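Chemist: here is a sequence together with a model predicted from it:
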Amino acid sequence: MTARTACLLAASLLLLGTATAQEVPAPTFVVGDSWTFREIDLMTKNETGVITETVVKADAAEYVIDARRKARTWWRGDQVKHVHREQFEFSEAGAEQRGKTIASNDAGCAYPYPLKVGASWECTEVTTWPSGWKIKYDLKFSVEAAESIETPAGKFDTLRIVAKGFSANETNGTGARHERVLWVAPAAKREVKYEIRSILKNGNIFRVEGRELTAMKTGA
């Protein structure tokens with residue numbers, strides 16, 4: 001191989017890597033996919049919990065994730081829209097081991113895959129909690145950059161996504177400014193890190209949660 005050929009090959013590989021890093025395709029979860037995350041208070045930097053999520057059922061329409069913190073819950077996800085839709089209590093006696101619904105959403109802010117640098121979209125999503133509260137999110141998302149990041153689970157090529165907008169509690173009439181920064185990695189099929197902040201009208205921050213991947217494995 002001549003020096004010129006070697007240089008051309010290296011340049012081609014570099015361009016290929018750059019192109020790959022700037023697009024994330026729609027993921028398909030399969031049984032056995034598993035992720036463990038460390039949860040963090042962004043203000044104190046203290047760890048607040050550990051959660052492991054494992055896909056226990058998956059077909060063309062939906063997937064089911066077994067999520068374990070101190071308590072155990074199920075997530076039911078939409079395999080077509082590629083988003084978690086409903087969270088259940090875990091119940092040995094329940095149908096398919098599902099107990100009462102903890103939270104649900106209308107998938108209004110599901111990602112419009114494939115994700116590419118420069119893409120942006122606006123969306124509205126409503127989440128319902130066990131208390132009956134309905135939280136409406138009005139957000140604008142932007143895929144800002146391709147970025148390699150280090151996590152406790154290793155180094156990932158990601159797209160950094162920033163969302164800004166507002167959340168409104170439609171039950172009690174309160175609201176806040178809402179911001180998210182998310183790093184989505186095709187190798188993990190999802191976010192490997194995120195930061196969420198909610199800021200009240202008086203400037204006080206009341207939600208400052210972060211999450212980063214500490215371990216993962218892929219299924220069949």
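Modeler: Nice, I can see it.
Chemist: for Ala110, which residues are in contact?
Modeler: Listed by CB atoms under 8 Å, 6 or more residues apart in numbering, the contact partners of Ala110 are Asp78, Lys81, His82, Val83. Bear in mind the C-beta positions are built from the backbone N, C-alpha and C, glycine included.
Chemist: for Asn202, state which of those residues is nearest.
Modeler: Val83 (32.5 Å; CB to CB).
Chemist: and the closest one, what are its bridge partners?
Modeler: According to DSSP bridges, the residues that bridge with Val83 are Asp78.
Chemist: geometric centre of this protein: which residue is closest?
Modeler: Nearest residue to the geometric centre of the chain (CA atoms, centre = their mean): Glu191, 4.3 Å.
Chemist: helix, strand or coil for that residue?
Modeler: With DSSP: H, G, I helix; E, B strand; the rest coil as the basis, Glu191 sits in strand.
Chemist: partners of the lengthiest strand in the chain, with directions?
Modeler: For the chain, the strand with the greatest residue count under DSSP state E is strand 134-151. Strand pairing for strand 134-151, determined by DSSP bridges: strand 120-128 (antiparallel), strand 154-169 (antiparallel).
Chemist: tell me the pLDDT of the nearest residue to Val117 once chain neighbours are set aside.
Modeler: Spatially, and ignoring its direct neighbours in sequence, Val117 is nearest to Gln22 (4.5 Å; CB to CB, 6 or more residues apart in numbering). According to the prediction, Gln22 has pLDDT 76.
Chemist: can you name the residues that contact Gln22?
Modeler: Contact analysis of Gln22 by CB under 8 Å, 6+ apart lists Lys116, Val117, Ala146, Leu159.
Chemist: of all the residues you listed, which two lie farthest apart?
Modeler: Spatial extent of the contacts of Gln22 (CB to CB) is set by the pair Lys116 and Ala146 at 9.5 Å.
Chemist: ok, back up a step: of the strands paired with strand 134-151, which is nearest Thr101?
Modeler: Thr101 lies closest to strand 120-128 among the strands paired with strand 134-151, at 8.4 Å (CB to CB).
Chemist: so how far is that closest one from its chain's centroid?
Modeler: With CA atoms, centre = their mean, to the nearest Å as the basis, strand 120-128 stands 14 Å off its chain's centre.
Chemist: hey, where'd the strands end up in this protein?
Modeler: 23-24, 34-41, 47-58, 62-68, 72-78, 83-90, 98-105, 115-116, 120-128, 134-151, 154-169, 175-185, 190-199, 205-217.
Chemist: lowest mean pLDDT across those, which one is that?
Modeler: strand 98-105 (a mean of 77).
Chemist: partners of that strand in the sheet?
Modeler: For strand 98-105, the paired strands and their directions (DSSP bridges) read strand 83-90 (antiparallel), strand 120-128 (antiparallel).
Chemist: just the buried positions in the longest one, please.
Modeler: Of the residues in strand 120-128, those buried by neighbour count under the rule 16 or more other CB atoms under 10 Å are Cys123, Glu125, Val126, Thr127, Thr128.
Chemist: out of these, flag the one nearest to Arg38.
Modeler: Sorting those by how near they are to Arg38, with CB to CB, puts Thr127 at the top with 23.4 Å.
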